[in-house]
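> missing the sequence, but the structure's below:
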Ligand code: ADP
């Protein structure tokens with residue numbers, strides 16, 4: 001075929017200027033022309049390939065498939081890229097395989113069909129692609145590992161934060177307790193210095209005066225001062241008991257002791273002690289028919305509750321008034337009512353009366369600490385009981401206490 005003879009200047013001129021390999025084959029797949037680049041790519045000398053079958057350049061394993069492709073392609077005869085979607089391989093003279101990219105251009109000259117293949121050795125590109133793929137895979141792997149590590153670190157951090165918050169809450173709680181206690185003690189000290197002053201000087205005066213009544217007939221006067229002393233000592237004792245109660249409640253050291261005891265024992269003792277505090281003409285009206293009640297409760301707490309309420313009734317009502325203590329037992333609930341006809345509690349202050357240290361305005365002339373009702377309520381609620389009141393200023397107050405108990409005397 002004259003057109004592709006080696007001294008054909010046009011083909012040579014054109015093809016040698018191109019860096020891609022050019023291989024021209026006829027219908028029988030016989031190579032009729034190659035350029036220098038094609039020879040270099042496949043490792044042949046000039047014109048060594050001419051006359052050889054195209055299969056010389058294709059690895060054996062693709063021969064069969066390639067024939068079908070070639071025939072089909074020549075029939076349809078159109079320009080296209082070869083091996084769409086597949087990797088193509090060539091084989092060098094030394095037998096080594098390498099990846100190629102090929103574009104096919106069919107053409108006809110003088111009634112003969114030819115195909116011109118433009119071939120590029122893409123070994124380097126493939127290697128780079130592979131490297132990039134490897135790098136990407138490594139990167140992905142690393143990202144996965146790091147993400148996992150991050151998850152773990154975040155989890156650990158969360159746990160740590162949780163632990164720290166718990167520890168902080170505990171520290172805060174104990175700090176608060178400590179602060180509350182030290183506040184309590186400071187308050188106690190200022191209360192003691194303030195609240196104890198008057199009774200103590202009263203005690204001192206009475207004791208001094210008692211010493212001066214040396215004559216036998218002055219016994220009545222002596223007794224009056226001794227009563228005053230007893231009265232003030234009892235008052236101070238009550239304040240101390242209230243404070244001890246608060247401290248025990250605050251530190252969680254309070255323990256309740258249930259025992260069986262006759263109700264009349266506690267009532268009589270409370271009334272006996274309260275009698276020492278009575279003002280001129282005051283009288284306590286209390287039930288004398290309760291000998292049948294033997295109840296099960298914390299005796300000391302019941303005593304503390306009744307003492308506080310009766311002492312308040314005495315303190316906050318005037319001379320020549322009656323204080324009623326009523327007892328009622330129904331459905332395993334023991335109810336006490338302490339009724340006085342004293343100064344009462346102003347309406348606007350009634351909501352705060354159980355708050356610790358709270359004292360109503362109209363009570364400020366009387367001595368007091370504002371802690372009695374607070375601890376009474378706390379103890380009662382701890383033991384399943386309750387305390388409520390009704391009151392009218394200048395008319396009096398009624399405090400109602402309930403405690404759950406059984407009358408063991410009957411059973
Ligand atoms: P304190 O009597 O030492 O002030 P309490 O806690 O016993 O403390 O009482 C708190 C306040 O409730 C009193 O300061 C007073 O204002 C009011 N209060 C309590 N009982 C009575 C009562 N029977 N009559 C009028 N006011 C009362």
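Cool, got the structure. These numbers were taken from a predicted model, which means no experiment stands behind them.

> the ligand contacts on the stretch 251-400 of the chain?
308, 312-313, 316, 340, 342-345, 353, 359-360, 363, 368-374, 397 (CB under 6 Å from any ligand atom). (Each C-beta comes from the backbone N, C-alpha and C, glycine too.)

> just the ones of the residues you listed in helices?
Among those, DSSP state H puts 308, 312-313, 372-374 in helices.

> just list the residues touching the closest residue to residue 251 other than its chain neighbours, thanks.
Among residues not flanking residue 251 along the chain, residue 181 sits closest, at 7.0 Å (CB to CB, 6 or more residues apart in numbering). Shown in contact with residue 181 (CB atoms under 8 Å, 6 or more residues apart in numbering): 247, 250-251.

> where in the stretch 201-350 of the chain is pLDDT low?
Regions of the stretch 201-350 of the chain meeting the criterion pLDDT under 70 are absent.

> rerun that using 80 as the cut-off
250-252 (pLDDT under 80).

> quick one: pLDDT of the residue nearest to residue 251?
Looking at residue 181, its pLDDT reads 79.

> does the closest residue to residue 279 other than its chain neighbours count as helix, strand or coil?
Nearest non-adjacent residue to residue 279, counting by CB to CB, 6+ apart: residue 319, 4.7 Å away. Three-state assignment for residue 319 (DSSP: H, G, I helix; E, B strand; the rest coil): coil.

> returning to that earlier point: just checking, next helix/strand downstream of the strand or helix carrying the residue nearest to residue 251?
Assigned by DSSP states H and E, residue 181 falls within helix 123-195. Later in the chain than helix 123-195, the nearest helix or strand by DSSP H and E is helix 197-212.

> nearest to residue 262 among the ones in helices among the residues of the stretch 251-400 of the chain next to the ligand?
Comparing these against residue 262 with CB to CB places residue 308 closest, at 21.1 Å.

> which residues does the closest one contact?
Neighbours of residue 308 in contact, by CB under 8 Å, 6+ apart: 238, 242, 372-373, 375-376.

> go with 10 Å
Contacts for residue 308 (CB atoms under 10 Å, 6 or more residues apart in numbering) come out as 238, 241-242, 245, 270, 338, 371-376, 379, 387, 399.

> could you do residue 233 as well?
By CB under 10 Å, 6+ apart, the contact list for residue 233 reads 199-200, 203, 276.

> now do it against the ligand, distance only.
Per CB to the nearest ligand atom, to the nearest Å, residue 233 is found 17 Å from the ligand.

> wasn't that residue part of a helix?
Yes. Residue 233: assigned to a helix according to three-state DSSP.

> ok, it to residue 309 distance?
Applying CB to CB, to the nearest Å, the value for residue 233 to residue 309 is 21 Å.

> with residue 22 instead?
118 Å.

> tell me which of these two has more neighbours.
More neighbours surround residue 309 than the other of residue 22 and residue 309, with 27 against 20 (other CB atoms under 10 Å).

> who's the closest residue to that one other than its chain neighbours bridged to?
Once flanking residues are discounted, residue 309 sits nearest to residue 338: 4.3 Å by CB to CB, 6+ apart. On the basis of DSSP bridges, residue 338 is bridged to residue 325, residue 399.

> what number of residues lie near residue 338?
Neighbour tally, residue 338, other CB under 10 Å: 24.

> before we move on, what about residue 34?
28.

> and it, how close does it get to the ligand?
Taking CB to the nearest ligand atom, one finds residue 34 at 116 Å from the ligand.

> that residue and residue 127, how far apart?
Taking CB to CB, one finds residue 34 at 25 Å from residue 127.

> roughly how far does the residue nearest to residue 251 sit from residue 399?
Counting by CB to CB, the gap from residue 181 to residue 399 is 29 Å.

> same check, this time on residue 178
34 Å.

> who has more neighbours out of these two?
residue 399 (23 against 10).

> touching, the more buried one and residue 389? I think so.
Yes. Using CB atoms under 10 Å, residue 399 is in contact with residue 389, at 4.6 Å.

> ok, which stretches of this protein are strands?
21-26, 31-34, 80-81, 88-91, 97-109, 112-121, 258-262, 283-285, 294-298, 322-330, 333-339, 386-392, 396-404 (DSSP state E).

> average pLDDT across the fifth one?
Here the mean pLDDT over strand 97-109 is 90, rounded to a whole number.

> again with the last one
When the per-residue pLDDT values of strand 396-404 are averaged, the result is 97.

> go through that strand and flag the buried ones.
Buried positions in strand 396-404, judged by neighbour count with 16 or more other CB atoms under 10 Å: 396-403.

> make JSON lines out of the ones in helices among the residues of the stretch 251-400 of the chain next to the ligand and add distance to residue 101.
Converted to JSON lines, those look like this (distance: CB to CB, whole Å):
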{"residue": "308", "distance to residue 101": "103"}
{"residue": "312", "distance to residue 101": "106"}
{"residue": "313", "distance to residue 101": "110"}
{"residue": "372", "distance to residue 101": "101"}
{"residue": "373", "distance to residue 101": "99"}
{"residue": "374", "distance to residue 101": "94"}
